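Novice: what follows is a predicted protein model with its sequence.
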Amino acid sequence: MPKIDHPNHKGFHPFAELIGLEFTKLEKGYSQCTLEVVDKLLNPHKVVHGGVLYSMADTGMGAATYTILGKNEICATIEIKINYFKATRTGVLTCSTKIIHRGKKIVTLDSDILNEGQIVAKAIGTYSIFKIKEKIEENRQ
């Protein structure tokens with residue numbers, strides 16, 4: 001995967017585009033993404049589906065991890081635990097993610113998801129870092 005210079009570039013992340021997720025900050029060890037609550041993201045109870053919040057955390061964690069990787073490194077989710085605090089029906093969701101620990105092969109991250117300044121979910125996740133052969137890297141660029 002190429003370095004994330006323009007994560008909102010059309011076609012870079014098709015799933016993020018599908019749900020309307022956009023990055024607003026990307027710094028070393030940190031990412032921030034936003035998502036406007038729209039009807040297609042609601043569950044049958046008319047609140048944001050938990051999978052949408054999970055997806056924000058997962059995507060934010062991946063992006064934050066990519067900011068610290070070397071040229072021939074990629075990452076993959078090992079696990080994420082998320083707590084949901086408050087149902088959300090409207091507004092703009094913001095997911096702020098930071099790396100809280102980096103080992104040689106494992107990164108641990110923390111995400112807070114807020115709706116208009118109020119926390120609605122918190123996630124902690126671990127990601128694996130692994131090297132790829134340069135030939136694979138060239139094919140992805």
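Specialist: Nice, thanks for sending it over.

Novice: what about the protein, any weak spots by pLDDT?
Specialist: Low-confidence regions of the chain, defined here as pLDDT under 70, cover residues 1-12, 134-141.

Novice: so which residues of it form helices?
Specialist: Assigned by DSSP state H, the chain shows helices spanning 14-19, 50-66, 134-140.

Novice: so what touches the lengthiest strand in the chain?
Specialist: What stands out as the longest strand in the chain, according to DSSP state E, is strand 118-131. In this structure, residues lying in contact with strand 118-131 by CB atoms under 8 Å, 6 or more residues apart in numbering are 48, 53-54, 57-58, 61-62, 65, 69-70, 72-88, 93, 100, 104-114. Bear in mind the C-beta positions are built from the backbone N, C-alpha and C, glycine included.

Novice: please redo it, this time with the cut-off set to 7 Å
Specialist: If you take CB atoms under 7 Å, 6 or more residues apart in numbering as the criterion, strand 118-131 is touched by 53, 57, 61, 65, 69, 72-86, 88, 105-114.

Novice: out of the helices of the chain, nearest to residue 25?
Specialist: Across the helices of the chain, residue 25 has its closest neighbour in helix 50-66 (9.7 Å, CB to CB).

Novice: and that closest one, how far out from the chain's middle?
Specialist: Remark: helix 50-66 is offset 2 Å from the chain centroid, using CA atoms, centre = their mean, to the nearest Å.

Novice: stretch 81-98 too?
Specialist: Distance of stretch 81-98 from the chain centroid (CA atoms, centre = their mean) equals 12 Å.

Novice: list the buried ones in it?
Specialist: Across stretch 81-98, burial judged by 16 or more other CB atoms under 10 Å covers 82, 84, 88, 91, 93, 94, 95, 96, 97, 98.

Novice: do you know how far the closest residue to the last one other than its chain neighbours is from residue 67?
Specialist: The shortest distance from residue 98 to any non-neighbouring residue, by CB to CB, 6 or more residues apart in numbering, is to residue 30 (5.0 Å). Applying CB to CB, to the nearest Å, one obtains 7 Å for the distance of residue 30 from residue 67.

Novice: also residue 17?
Specialist: For residue 17, the distance to residue 67 (CB to CB) stands at 20 Å.
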